[in-house]
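In: My questions concern the predicted model and sequence given below.
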Amino acid sequence: MDLSSLKTPSLLLDIYRVRKNAGRISDIATSNGARLRPHIKTHKCIEVAKTQTAGHNGAITVSTLAEARAFSENGFTDITYAVPIERGKFDEAIEFIRNGVKLNLLTDNAETVKHLDDAAGRAGLRFDVFVKIDCGTHRVGVEPHTSEAVDIPRQISDAKNLTFGGILTHAGHSYDVKSVEEMKTIARHERDVMVELAARLRGMGIEVPTVSIGSTPTINHIDHLDGIDEVRPGNYIFFDNYQATLGSCGFDDCALTVLAAVVHRDPSRRKLVIDAGGIAMSKDRGPTHLDETCGYGRVLDLDGVDTGMRLGSLSQEHGVIHADDNSIFDRYQVGDRVRILANHSCMTAAQHSHYNILENGEIVDRWKIHTGW
């Protein structure tokens, strides 16, 4: 099938770029002696995860228990649920463990540790629990230099029905940098903070089986991973307009685009309207701190070449593009197709049911996306 006959809006996934991106991060992890546990929230797709984990132990990271369920049913049985667990999800976690899945849980809360221990005891099983460390993002996690960073690991280690899995962090603030040098600084800080905390815990007699870090910007710019056992990047498998603008990758590394059709043209305003709105694209505002005109994505032609236009505004099912001059505007008529390189591939992919796999300009397959919570 060619792109002109594909229903719009829909996702296009360049399989060559997916494989190249997978190999790049696989090599970084392997050459630095770290295990790779990719975050599959980016794609939520079994086939993509198999590509990422080829040559590794098959361990993955998820953001929802629906992802954990779909992937465990397809052969992935070593899973880290990378959102702090709360009591309403204990029963689901117990079900996974009873079904033979190694489900690692995450917390930054001492009361939750008590509740987890009690729930595990009643169920007659053990939970593997990591402590989430805040290395600078300030979303969730305990500060590494606080008493909590020691007290909670000790509490888990001393619990009757819990196993302390280690410490885990995510340098999400690496997305806010304005230069590659800043990114490198955060990458070193993410690593060093965790290695230092692990040494501190071990010095107090607390065993730390795993030190886990991971973000796409930092893994692409880390100088070494000494003292790190595991890395968990996710977005790298697709990349996106944000990552390319940030300097995590080149624009020719970006594997995911949204195919859309022109449904309206306004010559007086040099305006094109496409059938990909907020539902198809998400409304991630992108790297506005680096590019005030980034809009909601870059407009590419069918060959994936940047036209210079941006997707300027979105409503539910409409996307508005303004051409800089008539020569660009005149290239497109109602019914013509364009491809949008979205600001955030993870959130864009989650809006859709499947990927259309693109190889050598042709659609060769269709891969399901497993959404839900």
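Out: Here it is on my side, so go on.
In: Wait, residue 220 touches residue 244, no?
Out: No. The pair residue 220 and residue 244 fails to qualify as a contact (Cβ atoms under 8 Å) at a distance of 11.5 Å. Bear in mind the C-beta positions are built from the backbone N, C-alpha and C, glycine included.
In: Please identify which of those two sits among more neighbours.
Out: residue 220 (24 against 18; other Cβ atoms under 10 Å).
In: list the contacts for that one?
Out: The contact partners of residue 220, by Cβ atoms under 8 Å, 6 or more residues apart in numbering, come to 25, 28, 236, 248-249.
In: again with residue 76
Out: Going by Cβ under 8 Å, 6+ apart, residue 76 touches 49, 53, 58, 60.
In: Neighbour-wise, which one of those residues leads?
Out: Sorting the contacts of residue 76 by how many neighbours each has (other Cβ under 10 Å) puts residue 60 first, at 26 neighbours.
In: Pull the contacting residues for residue 36.
Out: Per Cβ under 8 Å, 6+ apart, neighbours of residue 36: 25-26, 29-30, 52-53, 56, 59, 230-231.
In: The top strand by length along the chain: what's the following helix or strand?
Out: Determined from DSSP state E, the single longest strand within the chain is strand 256-266. Past strand 256-266, heading to the C-terminal end, the next element that is a helix or strand (DSSP states H and E) is strand 271-274.
In: Pull the CA coordinates from that following strand and hand them back as CSV.
Out: These are the backbone C-alpha positions of strand 271-274, laid out as CSV (Å, rounded to 0.1, in the frame of the first residue of the first chain):
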residue,chain,number,x,y,z
LYS,A,271,-3.7,28.7,5.3
LEU,A,272,-4.0,25.0,5.0
VAL,A,273,-6.3,22.9,7.3
ILE,A,274,-5.5,19.2,7.8
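In: centre of the chain versus that strand, how much separation?
Out: In terms of Cα atoms, centre = their mean, to the nearest Å, the gap separating the centre of strand 271-274 from the centre of its chain is 30 Å.
In: any idea of the mean pLDDT for it?
Out: If you average the pLDDT over strand 271-274, you get 98.
In: name the helices or strands packed onto that strand?
Out: Taking 3 or more Cβ pairs under 8 Å, 6 or more residues apart in numbering; DSSP states H and E as the contact definition, the neighbouring helices and strands of strand 271-274 are strand 256-266, strand 319-322.
In: hey, which of these is tucked in deepest?
Out: Comparing the helices and strands packed on strand 271-274 by mean neighbour count (mean count of other Cβ atoms under 10 Å), strand 319-322 comes out on top with a mean of 23.
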